[in-house]
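S.K.: After the sequence you'll find the predicted model.
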Protein chains: 2
Amino acid sequence: MLPRLLWAVEFIVACGEFVIVFLHTISREAMQAKWIYLPALSCSFRVDMVEVRVSPSLEEAHEELVRAFEARKMVVMVAECSVNYSGRTGSQLGNGERLIVLKEDGCVLVHRGRDYQPVNWQPSGCIFQSQVEKGTLVVKAIRPTPLESLTIVTENMHLLASFHLKDEAAFSLHATEEDMQRAILVQPDLIEAGLKIVDFEKKVAPGFVDIYALDREGNTVVIEIKKDPAGFPAIKQLSEYLKHLQPAPGRRLRPIIVAPSLAKGAQPVVAKMGIEFKQLGLQKAAEVLQSHASSDQKVLKGWLGS
Amino acid sequence: MLPRLLWAVEFIVACGEFVIVFLHTISREAMQAKWIYLPALSCSFRVDMVEVRVSPSLEEAHEELVRAFEARKMVVMVAECSVNYSGRTGSQLGNGERLIVLKEDGCVLVHRGRDYQPVNWQPSGCIFQSQVEKGTLVVKAIRPTPLESLTIVTENMHLLASFHLKDEAAFSLHATEEDMQRAILVQPDLIEAGLKIVDFEKKVAPGFVDIYALDREGNTVVIEIKKDPAGFPAIKQLSEYLKHLQPAPGRRLRPIIVAPSLAKGAQPVVAKMGIEFKQLGLQKAAEVLQSHASSDQKVLKGWLGS
DNA sequence: GCCTAGGTCCCGTGC
DNA sequence: GCACGGGGCCTAGGC
């Protein structure tokens, strides 16, 4: 049973640099009791760099959004909202609870409870607006080129957090198709002994030959690299290039597909068209690059060392 | 200046169904003052369906994660972490603050302060694990096929929120390339008067002809649809199909590209190859479909009406 | 499972 | 600015 005598209470909770906020009207007895029951709760506080508001009013949320936009902070919201997109095409999403992320570089993500991909979004470069309108909070993200806009109409805000992420970790490392190319460039005998690289990303037809080389006998080698199992598109692409390339007089044109494997059904076609296949995967390519990087380091150490 | 006399205080804040939590040791004077300064803060509470923990210990975070995984709740974290990915390829991301989202369907997003795309992720279908290890919180998301794993090592948790999003709004609406196809199917004279649709998504070579039709004179019409300006790839694709198609005896093969426009430089090539171009954009297609939908409704009303 | 094609794809690169 | 191709692309549809 709740006591009737009420106190207006304002808790200001400081942590490190600051801050705050816990507003409520509670009874004196509750104040002195170990357990305080409050009939409703809307509170805000900041710890470290994270400003958190739980069940803020839409006006509060709006004010915090404006501050966050000005300070170029990231914003995360859990809110009941509907979403409209208009631009290259258009979309409508009815009312429901979603996770909304606004980033400092002007991109937006609206996520539902499931799925990897956002249901609505905007790439970076948007301008954000917030306004309270007829009892709703309307957040707009407008992208200048191509001109398009995302409108989020919020009826109810469960959580709003804003903060700046300190993240200087720059290096991320992937093995990609480009690494396969680089691996072949630094170590051409991955394909075959004696191969001499002549060019890469060579423009031909409308397109680029991945690697253009000569074998020991002076034949022209045209290499198409795929990081995934190579199928008909890769074969077509390579055969297109062949039409626009000529071997040296008396020499042959040797088309080679480099990939982790051939797609199902591609093997006979490749054979029929005289295309060679050389197995190479991302992992192997990464290892080759790694070993060259370390051997380069050794060389460097040799130069610098005693 | 902080008073020295301390009280152990436990605030339990209830809202609706519940819940909670504000643990601290403060002075009696501070308790009675309007402003209470606390030297550190870690608190948790739930409002509506959102469970929020600010600066939880890693143990607390781990326990909440386990509960959330079991309850299939969405989890949002703001944390200082490093991330490793290993699978189809691999990646490493050094220590820094990120926004991490774990969804109920087993997908993961790790977002940095900038960029539309997550720096690391996992598509839906993953199994989540959480463990506290050597003073760090290790969250793993393992995807069975293809086998790959994402490992998030957290040193410091700023915010952890878990909740279930109520979102039944099912219908989302886009104008897509498929709508252009449907628009032509329901109203073939968008292309030209008298056109008779024979087939669509017709398998040919390895590929699919968007629309396959006959004109008034019995010539075979092969239509390739692009929602964006059509460039060389579209031309290539269409010309590939032509190689594998034959008109009726004495008739012609009429390749047509349907798109909002031709890409720069494509016009002469199209002309040279005898490909026709018919202008059609997403907007027009959507209007056509809309009008057909409403006319269908009218027909329906006519049947049902008085 | 594999393959094919689309996406408000996004994103980098080159012209 | 436009065009082209890659991506740990993701995702849906067929076989």
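M.R.: Yes, it's here.
S.K.: okay, and the helix or strand of chain A with the least pLDDT?
M.R.: The least trusted helix or strand in chain A, going by mean pLDDT, DSSP states H and E, turns out to be strand A:13-14, with a mean of 36.
S.K.: Could you pull out the strands in the stretch 151-300 of chain A for me?
M.R.: A:196-203, A:208-214, A:220-225, A:253-259, A:276-279 (DSSP state E, counting those that start in this stretch).
S.K.: Could you save those strands as CSV and add columns showing mean neighbour count?
M.R.: (Each C-beta comes from the backbone N, C-alpha and C, glycine too.) Shown next, in CSV, are the strands of the stretch 151-300 of chain A (neighbours: other C-beta atoms under 10 Å in any protein chain shown):
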stretch, mean neighbour count
strand A:196-203, 13
strand A:208-214, 20
strand A:220-225, 22
strand A:253-259, 22
strand A:276-279, 14
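S.K.: Nearest to DNA strand C among the ones you listed would be which one?
M.R.: If you check each of the strands of the stretch 151-300 of chain A against DNA strand C by C-beta to the nearest atom of the strand, strand A:196-203 wins as the nearest, at 7.6 Å.
S.K.: touching DNA strand D at all, the closest one?
M.R.: No: applying C-beta under 7 Å from any atom of the strand, one finds strand A:196-203 separated from DNA strand D by no less than 9.6 Å.
S.K.: That strand pairs with which strands?
M.R.: The pairing partners recorded for strand A:196-203 under DSSP bridges are strand A:208-214 (antiparallel).
S.K.: what is the orientation angle of the strand it pairs with with strand A:253-259?
M.R.: 120 degrees (axes from the mean of the first three to the mean of the last three C-alpha atoms, to 10 degrees).
S.K.: which residues touch strand A:208-214?
M.R.: Applying C-beta atoms under 8 Å, 6 or more residues apart in numbering or on different chains, the contact partners of strand A:208-214 are A:181, A:184-185, A:188, A:191, A:195-202, A:220-225, A:241, A:245.
S.K.: try 6 Å
M.R.: A:181, A:184, A:195-202, A:221-225, A:241 (C-beta atoms under 6 Å, 6 or more residues apart in numbering or on different chains).
S.K.: Looking at these, which is nearest A:L150?
M.R.: Closest approach to A:L150 among those (C-beta to C-beta): A:E201, at 36.8 Å.
S.K.: got the contact list for stretch A:128-144?
M.R.: Taking C-beta under 6 Å, 6+ apart as the rule, stretch A:128-144 contacts A:58-59, A:61-62, A:65-66, A:69, A:108, A:122, A:126-127, A:149-155.
S.K.: swap that for stretch A:254-266, sorry
M.R.: Counting by C-beta under 6 Å, 6+ apart, A:219, A:221-226, A:229-231, A:234, A:238, A:242, A:275-278, A:280-281 sit against stretch A:254-266.
S.K.: can you pull out the helices in chain A?
M.R.: With DSSP state H, the ranges of helices along chain A come out as A:28-32, A:58-70, A:177-186, A:232-243, A:266-272, A:282-304.
S.K.: Go through the ones you listed and pick out the most buried.
M.R.: Ranked by mean neighbour count, those are led by helix A:177-186 with a mean of 20 (mean count of other C-beta atoms under 10 Å in any protein chain shown).
S.K.: and the angle for that one with strand A:220-225?
M.R.: Helix A:177-186 runs at 150 degrees relative to strand A:220-225, counting by the same axes, to 10 degrees.
S.K.: Just checking helix A:177-186 against DNA strand C, any contact.
M.R.: No: judged by C-beta under 7 Å from any atom of the strand, helix A:177-186 and DNA strand C are separated, with a smallest distance of 9.5 Å.
S.K.: and that helix, average pLDDT?
M.R.: Averaged across helix A:177-186, pLDDT comes to 92.
S.K.: Say whether DNA strand D is contacted by that helix.
M.R.: Yes: judged by C-beta under 7 Å from any atom of the strand, helix A:177-186 and DNA strand D are in contact via A:E177, A:E178.
S.K.: Please name the bridge partners of the residue nearest to A:L242 when sequence neighbours are not counted.
M.R.: Nearest residue to A:L242 in three dimensions, chain neighbours excluded: A:P255, at 5.7 Å (C-beta to C-beta, 6 or more residues apart in numbering or on different chains). Using DSSP bridges, the bridge partners assigned to A:P255 are A:V222.
S.K.: I'd assumed A:A161 was in contact with A:V75.
M.R.: No: counting by C-beta atoms under 6 Å, A:V75 does not reach A:A161; the two are 7.3 Å apart.
S.K.: Which positions in chain A make contact with DNA strand C?
M.R.: Residues of chain A lying near DNA strand C by C-beta under 7 Å from any atom of the strand: A:85, A:87-89, A:91, A:107, A:120-124, A:148, A:150, A:229, A:231-233, A:263-266.
S.K.: ok, of these, which come out buried?
M.R.: Buried subset of the residues of chain A next to DNA strand C (neighbour count, 16 or more other C-beta atoms under 10 Å in any protein chain shown): A:Y85, A:T89, A:S91, A:C107, A:N120, A:W121, A:Q122, A:E148, A:L150, A:G231, A:A263, A:A266.
S.K.: for DNA strand D, what are the nearby residues on chain A?
M.R.: So chain A meets DNA strand D at A:115-117, A:145, A:174, A:176-178, A:206-208, A:227-228 (C-beta under 7 Å from any atom of the strand).
S.K.: of those residues, buried ones?
M.R.: Buried by 16+ other C-beta under 10 Å: A:Y116, A:E177, A:G207, A:K227, out of those.
S.K.: Can you tell me which of the residues you listed is closest to B:K103?
M.R.: A:Y116 (8.0 Å).
S.K.: That closest one against B:G106, yeah?
M.R.: No: applying C-beta under 6 Å as the test, A:Y116 and B:G106 come out as separate, 9.7 Å apart.
S.K.: Would you map out the domains in chain A?
M.R.: What automatic domain parsing lists as the domains of chain A is A:1-41, A:47-163, A:177-297.
S.K.: wait, which of those domains is closest to B:E97?
M.R.: Using C-beta to C-beta, the nearest of those to B:E97 is domain A:47-163, at 8.1 Å.
S.K.: Centre of the chain to the closest one, how far?
M.R.: 18 Å (C-alpha atoms, centre = their mean, to the nearest Å).
S.K.: Ok, stretch A:245-262 next?
M.R.: Relative to its chain's centre, stretch A:245-262 lies at 36 Å (C-alpha atoms, centre = their mean).
S.K.: Report the rounded mean pLDDT for stretch A:130-147.
M.R.: For stretch A:130-147, the per-residue pLDDT averages 96.
S.K.: Mind exporting the C-alpha coordinates of that stretch to CSV?
M.R.: Written as CSV, here are the backbone C-alpha positions of stretch A:130-147 (Å, rounded to 0.1, in the frame of the first residue of the first chain):
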residue,chain,number,x,y,z
SER,A,130,13.1,16.5,-36.0
GLN,A,131,9.8,18.1,-35.1
VAL,A,132,6.9,17.4,-32.8
GLU,A,133,3.7,17.5,-34.8
LYS,A,134,0.1,16.7,-33.7
GLY,A,135,1.3,14.5,-30.8
THR,A,136,3.9,12.7,-32.9
LEU,A,137,7.6,13.0,-33.3
VAL,A,138,8.5,13.2,-36.9
VAL,A,139,12.1,12.5,-37.9
LYS,A,140,13.1,13.1,-41.5
ALA,A,141,16.3,12.1,-43.2
ILE,A,142,16.8,13.9,-46.5
ARG,A,143,19.4,12.8,-49.0
PRO,A,144,20.3,15.5,-51.6
THR,A,145,21.5,13.3,-54.5
PRO,A,146,19.6,11.4,-55.5
LEU,A,147,16.9,13.4,-53.9
